[in-house]
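A.B. asks: Quick one, what's the 3D model for this:
(chains A and B)
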2 protein chains.
Amino acid sequence: MTSANRPARRGTHATDADARMALSLLVEPGDPRLVQWVREHDPAGLLEVVRDGSRRSRLEVPHAWLEGAARLDRAVSSARARSEAHGLRWVVPGDAAWPAALDDLDHVEPLGGSTGAPLGLWVRGPGDLASLVEHGIAVVGARSCTAYGSDCASEIAADVADQGGTVVSGAAFGIDAAAHRGALVQDRPTVAVLACGADVEYPRTHAALLQRIAQDGLVVSEQAPGQVAMRSRFLTRNRIIAGLTVGTVVVEAARRSGSLNTLNWADALGRVTMAVPGPVTSQQSAGVHQALRDGRAVLVTNGREVLDAVAGVSADVPERVRPSDTDHDRLGGLARRVLDALSFTEARSTADVAVAARGSRADVADLLAGLERQGWCARVGDRWLVLPRGASIAARRPVTLGP
Amino acid sequence: MTSANRPARRGTHATDADARMALSLLVEPGDPRLVQWVREHDPAGLLEVVRDGSRRSRLEVPHAWLEGAARLDRAVSSARARSEAHGLRWVVPGDAAWPAALDDLDHVEPLGGSTGAPLGLWVRGPGDLASLVEHGIAVVGARSCTAYGSDCASEIAADVADQGGTVVSGAAFGIDAAAHRGALVQDRPTVAVLACGADVEYPRTHAALLQRIAQDGLVVSEQAPGQVAMRSRFLTRNRIIAGLTVGTVVVEAARRSGSLNTLNWADALGRVTMAVPGPVTSQQSAGVHQALRDGRAVLVTNGREVLDAVAGVSADVPERVRPSDTDHDRLGGLARRVLDALSFTEARSTADVAVAARGSRADVADLLAGLERQGWCARVGDRWLVLPRGASIAARRPVTLGP
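C.D. replies: Down below sits the predicted model:
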């Protein structure tokens, strides 16, 4: 349960944000253990456990975390100093700028070893993250793209931005940069999610692009200021690009390309997955064509079709069955634990859910039936799936056109 | 009921072939009225009716047919002379070389004003039509194709031909010619279906290509020898390309391109429909992408995927439910009329079928239930569809690889 889902309590919120920042400096973002531990103890409680080595045995806190805890105060001061020098803000669940859709990540099985909503995000730039990504569209693809791919990415991004969508990408060479530039050419804000600190200019040759993005939009990262990009962090970062947006478009991807990883995240999150075809003779389109053949993405050829695909989702779910954040606040403790114990993709039995939620089987069975009626979860045979909530609110509402 | 479906009777068969030839010279091929009239009177009977103007009122034989009947003997002699001069053969239902799959066309609603199995086909070349098209794959597309499209068509056709499929196309400029050439480069026979007489070298610049096709494969047409190509005849011809093959691949088609017409025929016939994507910036791929987006075709990028798509259909229908031609011969007259009254695409009520088949409603209801058990037709709510028979035999069997 993240703090976003509790009634905001002024006093504890500052502590929560600080605890989240400290934890994020201690634990590699995306560590799947955080999902359960933050759920069981709130961030401040978890931080206390880690700082107090004596309680180590119960949680089996990794040795590295305990070691890091000793140097934590220095790490926090350093992050704060860098953050101030580069004009970063630390946004956490419970803040108005926190996009509720990210919480969906707490229900997704690990992909490539990571999962979970980020503890918080460092943001650079004047934009309001939650408002910007309400109609966020991820446009991602190969670094070593062709001129065709880069043209497509810019055109589609310009179209999407022009019609009120926010282009979200990773500021990498190739398709990512072309997508950001397409939005910027229309003078529309765009959001870059980095695998390094939000203050780090990486890739180096994109320093000017990153500055331009941060001018009207946002440069975002869950990595602490000053952190460098590493191979594993790109994959971990991709879950945030997918989680922030209502749909992901892949423009050019070779087979086994990293940009298909973002498509997989989007798919696991119940977001709209889209792909732009290209010449069948191009290796840079082979991964895209495979995804289309496998039914893992719908074929789109321009920005209008992207927005139509995203808007189309709304027709499937009647308005009344979409629970809101306020509805979630009204749920009891066991009901919340029951929802937390469910996954989007892997249906679970009532018995398993009861164990995970620490409730009696009879109570859990009753609650599941009630939660199903309210649109929180769905029955699959005698098993249960949770329905995407952030996604259902953002993705299932038609994109409003215009600025 | 075509003569293919009756036990062959030596004596009448020659008459039937002659009557079909005469009728095909009298009536524009694809005229939808032929389907019903040939069903009610056999071809020889229908020819008699047309020749005998006095019975005109009952059938409402068009004035043009009656006029044509007066000049028919001359037309037949002339067609026979041209046929002989150019080495054509006249192949009709009941001949071993007649592909049973073509009979599926008698169950399809008119598209662009024409439908129905051809009365017969003029063929030029040494190939056996039925054997060649048993694993026939139509590869069609834009006349004004790009170099990309023509490369794709040749590559895919070469792949398909190399693995034992027969490439069927229309010998037009662009994709069609590239497809034939792809097969010929592998020294595999290919089948060209023309909109003019099978002896006519059209387009003129393809004279050498047509000769090369006729050397090992076949040049085929339902148009009489010497007939010229006309706009409407291309659309009528497309139904034969789709009907002869187990699947149709479109390589490049602008929106509203004629090659999408072949895809529509294939779809109406229950054949496998496939399309090759291209750059989204190319107008010549816009129609293909639209078909893929509409779910009217599956995306393929090479010949292996084409053959996989065609073979995949076989998994759907267990061997035992596929009726054979011999089974059809064993059906009673009312059962045959009931099947003839059904469509592939538009489910019909028992009452409507009873009227069309001239049977009592109770008899027809019993027959439909029995025919459903034998795999001839399918129930859709309280209505009925006929199942593709030629298609079910040819398309649903996996393509055997090798020569």
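A.B. asks: Alongside chain B, which residues does chain A contribute?
C.D. replies: With C-beta under 8 Å from any C-beta of the partner chain as the criterion, chain A comes near chain B at residues A:148, A:151-152, A:276-281, A:286, A:289, A:292-293, A:298-302, A:305. All C-beta atoms are positioned from the backbone trio N, CA, C, and that covers glycine.
A.B. asks: so what's the residue of the stretch 1-150 of chain A found nearest chain B up against?
C.D. replies: Going by C-beta to the nearest C-beta, chain B is nearest to A:Y148 of the stretch 1-150 of chain A, at 5.7 Å. A:Y148 makes contact with A:252, A:278-279, A:282, B:279, B:281, according to C-beta atoms under 8 Å, 6 or more residues apart in numbering or on different chains.
A.B. asks: among these, which ones are buried?
C.D. replies: A:252, A:278-279, A:282, B:279 (16 or more other C-beta atoms under 10 Å in any protein chain shown).
A.B. asks: quick one: low-confidence ranges for chain A?
C.D. replies: A:1-14, A:53-59, A:312-329, A:388-403 (pLDDT under 70).
A.B. asks: Give me the domain ranges for it.
C.D. replies: Per the record, chain A has its domains at A:3-87, A:106-316, A:319-394, by automatic domain parsing.
A.B. asks: Now do the phi/psi pair for A:G247.
C.D. replies: Recorded main-chain torsions at A:G247 are phi -160, psi 150, according to degrees, to the nearest 10.
A.B. asks: List the beta-bridge partners for it.
C.D. replies: A:I137, A:V272 (DSSP bridges).
A.B. asks: Contacts only, for it.
C.D. replies: Contact analysis of A:G247 by C-beta under 8 Å, 6+ apart lists A:137-138, A:266, A:271-274, A:306, A:309-310, A:395.
A.B. asks: and what of A:G125?
C.D. replies: By C-beta under 8 Å, 6+ apart, the neighbours of A:G125 are A:189, A:213-219.
A.B. asks: Near A:D352, how many other residues are there?
C.D. replies: 15 (other C-beta atoms under 10 Å in any protein chain shown).
A.B. asks: who touches the host helix or strand of it?
C.D. replies: Applying DSSP states H and E as the criterion places A:D352 in helix A:350-357. Applying C-beta under 8 Å, 6+ apart, the contact partners of helix A:350-357 are A:334, A:337-338, A:340-342, A:348, A:360-361, A:363-365, A:368, A:382, A:384.
A.B. asks: May I see the buried residues of that helix?
C.D. replies: Neighbour count says helix A:350-357 has A:350, A:353-354, A:356-357 buried, by 16+ other C-beta under 10 Å.
A.B. asks: Show the backbone phi and psi for A:V251.
C.D. replies: phi -110, psi 110.
A.B. asks: my bad, should have said A:G226
C.D. replies: Backbone geometry at A:G226, expressed as degrees, to the nearest 10, gives phi 90, psi -20.
A.B. asks: List the residues that contact it.
C.D. replies: A:78-79, A:82, A:197, A:199-200.
A.B. asks: measure A:S221 to A:W98 for me?
C.D. replies: Going from A:S221 to A:W98 by C-beta to C-beta, to the nearest Å gives 15 Å.
A.B. asks: So those two - more neighbours on which side?
C.D. replies: A:S221 (27 against 21).
A.B. asks: For the residue of the stretch 301-403 of chain A found nearest chain B, the count of nearby residues, please.
C.D. replies: Closest contact between the stretch 301-403 of chain A and chain B, by C-beta to the nearest C-beta, is at A:T301 (3.9 Å). Neighbourhood size, A:T301 [other C-beta under 10 Å]: 22.
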